[in-house]
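Novice: give me coordinates for this.
(one chain, ligands or ions: 1)
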Amino acid sequence: VKVLTAKASPFGRKVCMAIIHCGLTDRIAQVSANPYDAADPLHGYNPLGKVPTLVLDDGTALAESAVIMQYLDVLSDGRLLPAEPVARIRELERQALADGVMDAGALIVMEKRLRPEDSRHQPWVEHQRGKIARTLAALATDLPAAERVQAGSLALAAALGFLDRRGQYPWRVAQPALVNWLERFRDACPAFDMTYLAPEPGWTSL
Ligand SMILES: N[C@@H](CCC(=O)N[C@@H](CS)C(=O)NCC(=O)O)C(=O)O
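Specialist: Take a look at the predicted model:
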């Protein structure tokens, strides 16, 4: 089994943290992929051409990080999701909200990275920033215990790490409770620091 991923992808980081946390590093190899290279083997496995993509030993693949997390949950005898159905759905919902923060954050990065300067659309950036602001506020009112490393907390930590790296939204000022939460999560989950990637020199957000 291997995971096709990119170090800079927050979705990839979530999955890689889960692999480390669940002790699956010797069963799942990490292979770098570049979604923007049409010749990358990633595209033969996942028609969406996104990272992370999990490739199973029979050559079939799993797209979508939330699906991969469910697979890792099975491989790790339930370390990533509660078994009880209501708690499980709540955990998946938390993960979905944090994944949505990453989607909005990625759209802001792309606006800067892929668009020529004169065709950037600032109202679209603000629209995405609003999603990040509201979703972090919602998550902050119902934080998972920082010591409980599961799909929702891994996704939230990956999302906050992404915002730190790219500066799309000043979450540390807006949501101090999350600052404290992330510090405690780092203690509970060494995989967070193990997958840390420093901001690119010279990068400024929109
Ligand atoms: N919903 C997907 C999102 C994954 C995603 O957006 N990955 C980005 C990198 S952070 C990507 O591969 N983008 C390349 C592309 O869309 O072509 C998931 O959870 O796996």
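Novice: okay, buried residues for the lengthiest helix in the chain please.
Specialist: Criterion DSSP state H: the longest helix present in the chain is helix 85-113. Applying a neighbour-count criterion of 16 or more other CB atoms under 10 Å, one finds 88, 90-92, 94-95, 97-99, 101-102, 104-109, 111-112 buried in helix 85-113. For the C-beta atoms, the positions are set from N, CA and C on the backbone; glycine is no exception.
Novice: ok, now which ones touch Met69?
Specialist: 14-15, 18, 80-81, 95, 151, 154 (CB atoms under 8 Å, 6 or more residues apart in numbering).
Novice: repeat that for 10 Å
Specialist: 11, 14-15, 18, 52, 54, 80-81, 91-92, 95, 99, 150-152, 154-155 (CB atoms under 10 Å, 6 or more residues apart in numbering).
Novice: sorry, back to before: what is the distance between the longest helix of the chain and the centre of its chain?
Specialist: Its chain's average C-alpha position is 7 Å from that of helix 85-113, according to CA atoms, centre = their mean, to the nearest Å.
Novice: so which elements touch it?
Specialist: Taking 3 or more CB pairs under 10 Å, 6 or more residues apart in numbering; DSSP states H and E as contact, the helices and strands that helix 85-113 lies on are helix 10-21, helix 65-75, helix 122-140, helix 151-166.
Novice: other SSEs contacting the following helix or strand past the first one?
Specialist: In other words, helix 10-21. With elements assigned by DSSP states H and E, the helix or strand that comes after helix 10-21 is strand 29-32. Counting contacts by 3+ CB pairs under 10 Å, 6+ apart, strand 29-32 is packed against strand 2-5, helix 10-21, strand 53-55.
Novice: and the chain, which residues reach the ligand?
Specialist: Residues of the chain lying near the ligand by CB under 6 Å from any ligand atom: 9-11, 35, 49-52, 64-66, 99, 106.
Novice: can you select the buried ones from these in PyMOL?
Specialist: Applying 16+ other CB under 10 Å to the residues of the chain next to the ligand, the buried members can be selected in PyMOL as follows:
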select buried, resi 9+10+11+35+49+50+51+52+64+65+99+106
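Novice: would you turn the residues of the chain next to the ligand into TSV with pLDDT and distance to Arg186?
Specialist: TSV is the format used below for the residues of the chain next to the ligand (pLDDT from 0 to 100; distance: CB to CB, whole Å):
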residue	pLDDT	distance to Arg186
Ser9	98	20
Pro10	98	16
Phe11	98	19
Pro35	97	28
Gly49	98	32
Lys50	98	27
Val51	98	24
Pro52	98	22
Glu64	98	26
Ser65	98	21
Ala66	98	23
Asp99	99	20
Ala106	98	23
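Novice: in JSON lines: the residues of the chain next to the ligand, plus distance to Trp203.
Specialist: Output for those, formatted as JSON lines (distance: CB to CB, whole Å):
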{"residue": "Ser9", "distance to Trp203": "16"}
{"residue": "Pro10", "distance to Trp203": "15"}
{"residue": "Phe11", "distance to Trp203": "19"}
{"residue": "Pro35", "distance to Trp203": "19"}
{"residue": "Gly49", "distance to Trp203": "24"}
{"residue": "Lys50", "distance to Trp203": "22"}
{"residue": "Val51", "distance to Trp203": "20"}
{"residue": "Pro52", "distance to Trp203": "22"}
{"residue": "Glu64", "distance to Trp203": "27"}
{"residue": "Ser65", "distance to Trp203": "23"}
{"residue": "Ala66", "distance to Trp203": "28"}
{"residue": "Asp99", "distance to Trp203": "23"}
{"residue": "Ala106", "distance to Trp203": "14"}
